[in-house]
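Visitor: this is the structure alone, sequence omitted:
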């Protein structure tokens, strides 16, 4: 039985598949016509692939078009991928990469409105209503994190607390109790921090009004989900998004909690074999590829997300006709997700190379302390610098490195030093990163 | 209600429509905006069967109509108000309206034609007053009303209007757009082609922007009004007055 109260926009979210496909082809064709006219990258790429847009008559003809990769977006820094003049852009977000080259994403007014619509859908699917008091414990920064959910929560008429991440977990816990928060939006790892803070303050979850947790930004594993639900007395709902496509509104779970419904009236989804780049069989795992069909400012055609997942085209009991994607099971590259932030080992390398006294040899160790993810960065120090045996100088260097990582990536890393030449010089990227966070 | 997929059409060697896809849902007013020569009129002519398409599909109520004759298309419930009105100027207003019901003349009796005439008269009282007058002696605005009335005589479910505000005094144009809204409220679905994008978007639910035979934008009327490209190209500087128009 379809529960229409859990649908923000029933007309779109339960649209019959044949109507949805008509809408998708219309929007795809107009998007392609626009990017061909307005984005030099796509004009060059389509011409190089001898793409005749007038011949593109079906959704699956999309596979004749070239992919867009993260590197393409980097090379377009800052504005080359924008499909509208800068003064039509109302908001700019960017990915991390203050040291490397970040990916800059522009939103027009209509893009912001569509983004709001998409996140509002995820919130309503999570059971959040206009009666909820929503605490958003995500970054409000260049990374799109908090903004998308903030707009969506305001849109559905909820009372929104932009707690952000600048306040400590303890303060967040007090806000949660005193402000009678009923819904928490955060990363799973921050949820765990809040559990610790509540314990420290001896606030029993019974004294909270919390009933819903909406998570995003990093993997919500089953054990983690159980922990958050039990300790915070909540029902949890997971979401999927990425800054390049649309911060936090691409897909989200419904009450069935059996996969993420992709907002298919805004995105066309494909899953391809990351080696052959051919489409996989229905239900098989592969790399998620997304095409935006509503965006004006930063439309992307066949963007390779790097996330490994599979699609489920079976109808969902919730009534939504949008396809569901499974939880992300891995990455095609070495992107590390930590505390809701994605970064590459190469970014750490670049930061370290800017610090005098550090060698380019390092190791990234991800682990768990209790329920909290930890990040340790082991760095070889250079033996050519004589005064480094002084504890004070070493400590200063350590603080400097951690500080730069915090500034650049907005993550807390523990930096430790190891003896010169102690890290294997032969270490490939695989051994440079140790992920001990068991799944 | 209307679904168009990858439609291509043109005149002789001239390709005008280069793969158009659009749809109109029941009860909607959909505006199609674009500059002169973008392909708007060609599209309406192709839908109504006057021009044969080269490829692609037009479905009306899930029934392919792109190979049908214009009179079959009208009989199915899809009527066109042509650009420039094309009323029969040497016939009276009343005769023009009766001609509009030609597609129903065999299937239905005179009473239903009279009822349709009654509805048109209540929509445009001036046509009742002038029923014995020759259509050629009407003003531009009155001729436009007559052209709309004539199309309504076939009892369409989808009304396609080609530039109803063209060559009509601004006040009359406003009346015509208000009539479009009234028709929608009475359950009619409308595909509206207009160069006057501001007026069209003020009454439309959704819209498409067509450029050189291709759709470059689709969205709600509000989205199109807020799109800077549409503002620059079709709404002019003072587009903000649109709120007052609506």
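Guide: Okay, I see it. Please read all numbers here as calculations on a predicted model, not as lab measurements.

Visitor: when you work out contacts or count neighbours from here on, use the C-alpha atoms and nothing else.
Guide: Fine.

Visitor: grab the nearest non-local neighbour of the closest residue to chain B within the stretch 301-439 of chain A.
Guide: Among the residues of the stretch 301-439 of chain A, residue A:301 lies nearest to chain B; the distance is 15.3 Å by Cα to the nearest Cα. Nearest residue to residue A:301, sequence neighbours excluded (Cα to Cα, 6 or more residues apart in numbering or on different chains): residue A:291, at 4.6 Å.

Visitor: give me the secondary structure label for the one you found.
Guide: What DSSP: H, G, I helix; E, B strand; the rest coil gives for residue A:291 is strand.

Visitor: returning to that earlier point: correct me if wrong: the residue of the stretch 301-439 of chain A closest to chain B contacts residue A:270.
Guide: No - the criterion here is Cα atoms under 8 Å, and residue A:301 misses it with residue A:270 at 11.2 Å.

Visitor: quick one: common contacting residues for these two?
Guide: residue A:290 (Cα atoms under 8 Å, 6 or more residues apart in numbering or on different chains).

Visitor: show me where the stretch 201-350 of chain A has strands.
Guide: A:212-215, A:235-242, A:247-253, A:260-262, A:267-272, A:286-292, A:303-309, A:311-312, A:324-325, A:330-331, A:336-338, A:341-343 (DSSP state E, counting those that start in this stretch).

Visitor: mean pLDDT and mean neighbour count added to those, as a markdown table?
Guide: Output for the strands of the stretch 201-350 of chain A, formatted as a markdown table (pLDDT from 0 to 100; neighbours: other Cα atoms under 10 Å in any protein chain shown):
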| stretch | mean pLDDT | mean neighbour count |
| --- | --- | --- |
| strand A:212-215 | 96 | 26 |
| strand A:235-242 | 95 | 23 |
| strand A:247-253 | 93 | 26 |
| strand A:260-262 | 97 | 27 |
| strand A:267-272 | 97 | 23 |
| strand A:286-292 | 97 | 25 |
| strand A:303-309 | 94 | 21 |
| strand A:311-312 | 96 | 22 |
| strand A:324-325 | 97 | 26 |
| strand A:330-331 | 83 | 16 |
| strand A:336-338 | 82 | 17 |
| strand A:341-343 | 79 | 18 |
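
Visitor: distance of the residue in chain B that chain A sits nearest to from residue B:96?
Guide: Of all residues in chain B, residue B:216 sits closest to chain A, at 4.2 Å by Cα to the nearest Cα. According to Cα to Cα, to the nearest Å, residue B:216 and residue B:96 sit 38 Å apart.

Visitor: now residue A:236
Guide: Distance of residue A:236 to residue B:96, given as Cα to Cα: 66 Å.

Visitor: then residue B:217?
Guide: Residue B:217 is 37 Å from residue B:96, by Cα to Cα.

Visitor: low-scoring stretches of chain B, by residue?
Guide: B:105-108, B:237-246 (pLDDT under 70).

Visitor: now do the contacts for residue 148.
Guide: Going with chain A. Contacts of residue A:148 by Cα under 8 Å, 6+ apart are A:115, A:116, A:119, A:247, A:248, A:249.

Visitor: actually, chain B is the one I wanted.
Guide: Counting by Cα under 8 Å, 6+ apart, residue B:148 makes contact with residue B:81.

Visitor: neighbours of residue 88, just the number please.
Guide: Reading this off chain A. Counted with other Cα atoms under 10 Å in any protein chain shown, the neighbours of residue A:88 add up to 17.

Visitor: the chain in question should be chain B.
Guide: Other residues close to residue B:88 by other Cα under 10 Å number 17.

Visitor: do residue A:20 as well
Guide: Neighbours of residue A:20 (other Cα under 10 Å): 18.

Visitor: what separation do you get for the closest residue to it other than its chain neighbours and chain B?
Guide: Once flanking residues are discounted, residue A:20 sits nearest to residue A:265: 6.8 Å by Cα to Cα, 6+ apart. Remark: distance between residue A:265 and chain B (Cα to the nearest Cα, to the nearest Å) = 12 Å.

Visitor: residue closest to the middle of chain A?
Guide: residue A:242 (3.8 Å; Cα atoms, centre = their mean).
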